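> Test case, fold it:
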Amino acid sequence: MSTPSRTSPATIALLALAAASGLAHADTPPPNSGMRFVNVAGQADSQHNQQALATLSLPVGQHAWVQAGAGKSRDGQQAGGRRPGLVTAAVGMAASSAQISVNATHRADGNRYRQTDVGSSLDWKHDGHVVGVDVTHRDSRATGVVASGSGTAPAQVRVAGTGLGVHGTLQASERVSVYGAVARNHYRSTTTTTVPTPATPGGLLGLNPVLGGTSVVNRDEAALARNALVGATYRFDKAAVSAEYATGQVLDNGGTLRSVELKAAIDVAPGWRLAPGIGRGSNAQAGHATFASLSATYGW
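Below is the predicted model:
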């Protein structure tokens with residue numbers, strides 16, 4: 001599970017494959033059944049952070065798929081009102097008991113902010129149980145203002161490094177499953193200012209306002225040194241309800257980003273699925289905020 005990326009193509013792929021049995025018409029569907037769909041998703045919080053993303057997924061043969069997406073996000077004033085655009089791409093291949101996917105996301109707001117994330121997931125599946133490993137790489141640059149001595153100074157911050165994580169799903173019963181993920185990111189931050197760098201760069205008054213990611217909505221922009229997620233799902237005949245808790249430690253003692261969320265996936269018509277969600281997030285930089293999400297998926 002790609003925790004650092006809540007709307008990543010890999011995550012959409014895993015969800016679509018999990019629901020493939022409900023969309024397939026053959027007695028024995030191919031491993032990539034359910035990967036032909038269009039998804040439009042949006043989320044926002046009470047601090048005016050927003051993100052929207054549209055994704056197209058197409059199967060290739062009976063085992064592979066490709067995905068492409070584009071969207072826009074809006075950060076609150078903690079990151080200077082940044083509004084980066086984002087593009088995503090992913091490829092994957094599935095067998096009856098295993099699958100692998102590679103995805104990439106690029107975010108940019110002119111010269112103020114650029115971030116590229118590349119990730120790969122390898123999963124093994126058996127009787128509804130899933131266990132997998134994730135490998136990620138990030139290269140992010142942003143300009144803004146950081147603390148310097150008793151005042152502030154213009155600066156450019158770069159964060160780069162790799163991450164490693166594990167995730168899994170346990171099918172506790174026919175209707176109940178529990179899932180979780182943990183990751184450790186080995187990021188290195190470099191701050192370049194026009195005045196002498198303070199003794200302890202980064203932290204709440206350093207990296208976080210420049211890089212953003214102070215909300216659950218733009219969590220993908222946060223430089224998280226460690227993060228974890230745990231949740232549970234109950235399935236009805238044409239719907240599923242999930243509750244999850246996520247936490248992440250921001251790089252360089254930048255505080256902790258936490259959230260709780262309740263969400264649902266509802267089959268409203270043949271091929272159509274709606275997924276609303278609502279939750280509450282908090283961190284030391286921006287305080288508490290309520291957020292909501294909604295996605296619509298059409299598969300054929």
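> When you work out contacts or count neighbours from here on, use the C-alpha atoms and nothing else.
Noted.
> Where does pLDDT dip in the stretch 51-200 of the chain?
77-80, 146-151, 194-200 (pLDDT under 70).
> Show me the shaky parts of the stretch 201-300 of the chain.
The model of the stretch 201-300 of the chain has pLDDT under 70 over residues 201-213.
> buried residues in stretch 284-298?
Buried residues in stretch 284-298, counted by 16 or more other Cα atoms under 10 Å: 285-286, 288-298.
> could you pull out the strands for the stretch 51-200 of the chain?
Ranges of strands in the stretch 51-200 of the chain, per DSSP state E, counting those that start in this stretch, are 64-74, 85-94, 98-109, 113-126, 129-148, 151-171, 176-193.
> and residue 42, which of the ones you listed is closest to it?
Closest to residue 42 of the strands of the stretch 51-200 of the chain is strand 64-74 (Cα to Cα; 9.3 Å).
> Relative to the whole chain's centre, how far out is the closest one?
12 Å (Cα atoms, centre = their mean, to the nearest Å).
> do the same with stretch 45-65
In this view, stretch 45-65 has its centroid 11 Å away from the chain centroid, taken as Cα atoms, centre = their mean.
> May I see the buried residues of it?
Buried residues in stretch 45-65, counted by 16+ other Cα under 10 Å: 45, 47, 49-59, 63-65.
> One more: stretch 72-92?
If you call a residue buried by 16+ other Cα under 10 Å, then stretch 72-92 has these buried ones: 72-76, 78-80, 82-92.
> Okay, now that stretch: how far is its last residue from its first?
One end of stretch 72-92 sits 24 Å from the other (Cα to Cα, to the nearest Å).
> I'd like to know how far the residue nearest to residue 233 when sequence neighbours are not counted sits from residue 230.
Spatial nearest neighbour of residue 233, chain neighbours left out: residue 242 (4.2 Å); criterion: Cα to Cα, 6 or more residues apart in numbering. Per Cα to Cα, residue 242 is found 11 Å from residue 230.
> ok so, going back, which one of the buried residues of stretch 45-65 is nearest to residue 172?
residue 63 (27.6 Å).
> For that closest one, give me its contacts.
Shown in contact with residue 63 (Cα atoms under 8 Å, 6 or more residues apart in numbering): 30, 31, 32, 93, 94, 95.
> Most neighbours among those residues, please name it.
Counting neighbours by other Cα atoms under 10 Å, residue 32 comes out on top of those with 25 neighbours.
> Name the SS class of that residue, please.
coil (DSSP: H, G, I helix; E, B strand; the rest coil).
> wait, isn't it in contact with residue 62?
Yes - here residue 32 reaches residue 62: they are 5.8 Å apart, a contact under Cα atoms under 8 Å.
> got the buried residues for stretch 225-235?
Within stretch 225-235, the residues scored as buried using 16+ other Cα under 10 Å are 225, 226, 227, 228, 229, 230, 231, 232, 233, 234.
> ok, the residue nearest to residue 288 when sequence neighbours are not counted to residue 216 distance?
In this structure, residue 288 finds its nearest non-sequential neighbour in residue 282, 4.2 Å apart by Cα to Cα, 6+ apart. As judged by Cα to Cα, residue 282 and residue 216 stand 8 Å apart.
> again, but for residue 119
Residue 119 is 20 Å from residue 216, by Cα to Cα.
> Now the phi/psi pair for the residue nearest to residue 44 when sequence neighbours are not counted, please.
Once flanking residues are discounted, residue 44 sits nearest to residue 50: 4.3 Å by Cα to Cα, 6+ apart. Main-chain dihedrals, residue 50, degrees, to the nearest 10: phi -140, psi 150.
> give me every residue that touches residue 50.
Contact analysis of residue 50 by Cα under 8 Å, 6+ apart lists 42, 43, 44, 73, 74, 75, 217, 218.
> Right, I'll leave it there.
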